[in-house]
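K.L.:
kindly generate the corresponding structure for this input.
(2 chains)
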Amino acid sequence: MPLIEDLEPRARDGRAPDVFSHGDWVPMRCYGDAEEVDFVIVGTGAGGGTLAGKLAEAGFSVVAMDAGPFWRPLEDFASDERHQDKLYWLEDRLSEGDDPIALGSNNSGCAVGGSTVHYQMVALRFRPEWFRSRSLLGYGHDWPVDWRRMWQCYDEVEEALKIAGPVRYPWGPKRGRYPYREHELNASAHVLARACEAMGVDWAACPNATVSAPHGKSPPCVYRGFCKIGCATNAKQSTLNTFVPRALAAGAEIRDLATVTRIETGRDGRAAGVLYHRDGEWRRQKARNVVVAGYSIETPRLLLNSASPAHPGGLANSSGLVGKNLMVHANHAVWGRFEEEIRWYKGPPSLAVCEHWNYADDHKDFFGGYAFMSQGPLPADFATTVADAEGIFGMELRQRMADYNHMAGLKIVGETMPQERNRVELADETDPLGVPRARVTYSMCDNDRALSDHSVRFMREAMAGAGGQQLFTSEGTAHLMGGCRMGFTPEDSVVDGDGRSWDVPNLWVCDGSLFPTGGGVNPSMTIMALAVHIADRIKTLAARGEV
Amino acid sequence: MRDVRPDHLRQVRKPLPEWRRPRGHGGDTRHTTGRMLGVLGLAACGLVVAQALNARKPRPRAEPRAAAAAKVRHGAMALAGSVAADSLMEHFRGGYCNDAMYLAPAVAGTALAATAVRPPATPRDDAVARDVAHAASLVTGTAGLAFHVWNIGKRPGGLTSMNNLFYAAPVGAPGGLAASGLYGLAEGRLRRAPIMPPRVEGRLLAGLTALNLLATSAEAGLLHFRGAFQNPFMFVPVTAPPAAALVLGAAAADPAAGLRRLARAACWTTAAAGAAGVAFHAWGVHRNHGGWRNWRQNLIQGPPVAAPPAFVGLGLAGLGALDLMDIRDEGRR
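P.N.:
The predicted model follows:
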């Protein structure tokens, strides 16, 4: 396996990798650079990949580019944590602030399929009230999309990914049945169940984006447990093996290892296409519409780097909000040792979930909510956690790791507040392609700390109730949200409720950077639901001649 | 292995009592594979011997009641065979972590032998041995039902948790063994010591079979629901057998000729669906990661290839019951 830098694009000359095969191909329609396509999409993750599939199926001509390689999971993914670092966006970024974010494995992917190739498959929906959190709950911002509309889109995404979820979900409004049934709980999930029962709160099997029965060419999950570093059986439903193949079948072109560095604008101020680097060459793709789907750091970075005389502060940035209001999820965890063997690496890492504190509003000394899930980190991942949290290394760490099979943990996905000071900017330093690197500034606010503290107190008590001993706590963050907020007016947001830029009418954003608030659940389902929503809106607008 | 844990972890913990200690997880699977292959080999030898014994016996002209009894016996045989193979595999999957788990394949294997050997034309002293084997099936199957319920109930969430119903011991599976025992005992009565007119025997057996069909269909329904009915053919075992149960039950209540004909067709359909189920499950095994090349894992991970023949058994038993009901009809003529 060559290093990523040495890889060559695979999707070209009329064919793209067949992700369900060893070495095979599927036919791919190809467009010329000078051919003005309906949409060029930058990024093929939860937002871009989903949108590419939906738009291609609607009959638009689509070229989707990704800076990462086009993997075939069956042949390219190894059961080796370090090797699989190749799935992360590890290019240097400057991380600053009071609580600088660790960038890479927990929040940015670099592959066709984006972060969904390495996500933990936790497939939760936003609480309905969160879409109006300012009006109903008194914090953050309202979303310009109604929750009922979003729930229709969740339905479509869950069906496309055949989410395996519980028959009865204890929280939120009544929802239809998950397309596939929940997976068997592992011992780690049983710890969460016992912990919740000890605290008197509900728990449920966690809806997961890995199939519990065959789905097309995806075999049912075999519970290898290497999910987070890339599923090598295709049981995991990422955009790489769902919407991207659909996009290809519907006539979209996917260009892997194609790094878009600039969105070009015409004299009328509209987007004209993108400048990108692929296979050692600088090229330009003409397009009638440009969609940016590079996630909360690369999307603002690309928009800021596309400044022109007509858009001096960066593209779509008349509000000055591009790159602002970056959010993460608090990712605090409580770990403990159990008398019995747990073997938490068996199966998907998060098979049980408690969303109690997402839906309970009383007895909280903070805004927002959090969910916590059972855990199953692989050894190197967990050793890093122990070393960081306990400050031990060498023989002492080795001795602690001897208990690996007896460990269990609960980890939160906790909502943080949108703050304008948390932002993405362009640094003076440039990357090898000459593009200014991203400077990411992040600081937690008092509310974020209150939420994390509450979760740690609650989980410690719960873990003790489940029989956990020698408890210890770790801190961290996961996921990214915000940076190109969607909103109601050009002054308070970068794009409207359709993901369309207020400033440049043929420029769209379709990824997690749209989030006005972060919510207390993993963002992938919501990003994909937004992509479905935006695709539907584009179809409607195009039918009216407004695209 | 050297204990590398630090002192504070090395403190003496109360050891788990023997019965709670985990066993058979991974470490001795080769051991278990050996045992499993051994049992399979024994079962195969048994069948060969049974076949040889059958061949030696002169075939008597089939008297109607004996012919019906033979169908019931074949039904019991299909059920016993299905349970023997299925429990062998599924309990292997469970690592035979409880010794009682060996009982199911062993008793079902004995029942298979007892039903596979054609009985002699005149009642001989093997009657007791046969009845003991079938009674053992009935008792083991019934105890198995209780054991499986206990296994489901002890997990977090208990008997009300769908996760436990999906993935703990299958709640109704041991019922197949109990049913095989019942049919085996009934066959003995029919052949050796009829105490009722065939019409009554037929109606009783038909009623019993209708209930068994419903129970087995419910079990298949639960597990196919777990599989999200991802293939439309997965609806077959939740439609054909209940339909057969309905008409068979109706025929038991009112043995009119029309109903019996309909019930006969339904029983044949159910038996055919059971046979087709083996093929469908074999296809299902292929849809698991690695397909049939990875048979060692996928026979266990995939749909149980040995389970659907239970419907063959129930279909045959239903046909036997209908044959008995027909005898009365003929007598009237």
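
K.L.:
helices along chain A, start to end?
P.N.:
Listed in chain order, the helices of chain A (DSSP state H) span A:48-57, A:73-76, A:147-161, A:187-199, A:243-249, A:295-305, A:356-359, A:379-390, A:395-401, A:446-465, A:524-543.

K.L.:
with the stretch 1-150 of chain B instead?
P.N.:
B:7-10, B:29-56, B:64-93, B:103-116, B:126-153 (DSSP state H, counting those that start in this stretch).

K.L.:
now for those helices, which one comes closest to A:Pro166?
P.N.:
helix B:126-153 (16.6 Å; Cβ to Cβ). Quick note: C-beta positions are derived from backbone N, CA and C, even for glycine.

K.L.:
show me what from the stretch 201-333 of chain B comes close to chain A.
P.N.:
Contact residues, the stretch 201-333 of chain B versus chain A (Cβ under 8 Å from any Cβ of the partner chain): B:225-228, B:230-231, B:284, B:287-290, B:297, B:301.

K.L.:
buried ones among the residues you listed?
P.N.:
Neighbour-count burial (16 or more other Cβ atoms under 10 Å in any protein chain shown) applied to these gives B:225-228, B:230-231, B:284, B:287-290, B:301.

K.L.:
re the thing from before, in helices, which of the residues of the stretch 201-333 of chain B next to chain A fall?
P.N.:
Per DSSP H, these map to helices at B:225-226, B:284, B:297, B:301.

K.L.:
give me the number of residues near residue 141?
P.N.:
By default, I'm working from chain A. The number of residues packed near A:His141 is 21, by other Cβ atoms under 10 Å in any protein chain shown.

K.L.:
hm, I was asking about chain B
P.N.:
25.

K.L.:
close enough to count as contact, it and B:Tyr183?
P.N.:
No. Judged on Cβ atoms under 8 Å, B:Gly141 makes no contact with B:Tyr183 at a distance of 11.4 Å.

K.L.:
low-scoring pLDDT stretches of the chain, where are they?
P.N.:
Using chain A here. A:1-5 (pLDDT under 70).

K.L.:
my question was about chain B
P.N.:
B:1-48, B:51, B:55-62, B:122-124, B:328-333.

K.L.:
residue contacts, the residue nearest to B:Phe311 when sequence neighbours are not counted?
P.N.:
Closest residue to B:Phe311 apart from its sequence neighbours, by Cβ to Cβ, 6 or more residues apart in numbering or on different chains: B:Gly274 at 2.9 Å. Contact partners of B:Gly274, counting by Cβ atoms under 8 Å, 6 or more residues apart in numbering or on different chains, are B:78, B:308-315.

K.L.:
try it again with 7 Å
P.N.:
By Cβ atoms under 7 Å, 6 or more residues apart in numbering or on different chains, the contact set of B:Gly274 is B:308-312, B:315.

K.L.:
related to what we said a few turns ago, CSV for the helices of chain A, including mean neighbour count and distance to chain B?
P.N.:
What follows is those, written out as CSV (neighbours: other Cβ atoms under 10 Å in any protein chain shown; distance: least, Cβ to the nearest Cβ, whole Å):
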stretch, mean neighbour count, distance to chain B
helix A:48-57, 30, 21
helix A:73-76, 18, 9
helix A:147-161, 20, 11
helix A:187-199, 23, 4
helix A:243-249, 25, 18
helix A:295-305, 27, 30
helix A:356-359, 21, 16
helix A:379-390, 16, 12
helix A:395-401, 15, 5
helix A:446-465, 19, 13
helix A:524-543, 23, 19
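
K.L.:
for chain A, what's the longest strand?
P.N.:
strand A:281-292 (DSSP state E).

K.L.:
what strands flank that strand, and is each parallel or antiparallel?
P.N.:
strand A:37-42 (parallel), strand A:271-278 (antiparallel), strand A:507-509 (parallel) (DSSP bridges).

K.L.:
which residue packs closest to B:Arg73, ignoring adjacent ones?
P.N.:
B:Glu187 (4.6 Å).

K.L.:
hang on, the one you found packs against B:His74?
P.N.:
No. At 9.3 Å, B:Glu187 does not count as touching B:His74 under the criterion of Cβ atoms under 7 Å.

K.L.:
these two: which is more packed in?
P.N.:
With neighbours defined as other Cβ under 10 Å, B:Glu187 and B:His74 compare such that B:Glu187 has more, 28 against 21.

K.L.:
smallest gap between the stretch 401-547 of chain A and chain B, at which residue?
P.N.:
A:Ala402 (5.2 Å; Cβ to the nearest Cβ).

K.L.:
how about the residues of chain A near chain B?
P.N.:
A:166-167, A:179-182, A:184-185, A:190, A:193-194, A:197, A:205, A:213-215, A:219-220, A:222, A:233, A:339, A:341, A:398-399, A:402-403 (Cβ under 7 Å from any Cβ of the partner chain).

K.L.:
from B:Glu90, how far out is the spatially closest residue to A:His356 that is not a sequence neighbour?
P.N.:
Nearest non-adjacent residue to A:His356, counting by Cβ to Cβ, 6+ apart: A:Val201, 4.1 Å away. From A:Val201 across to B:Glu90, the span is 34 Å (Cβ to Cβ, to the nearest Å).
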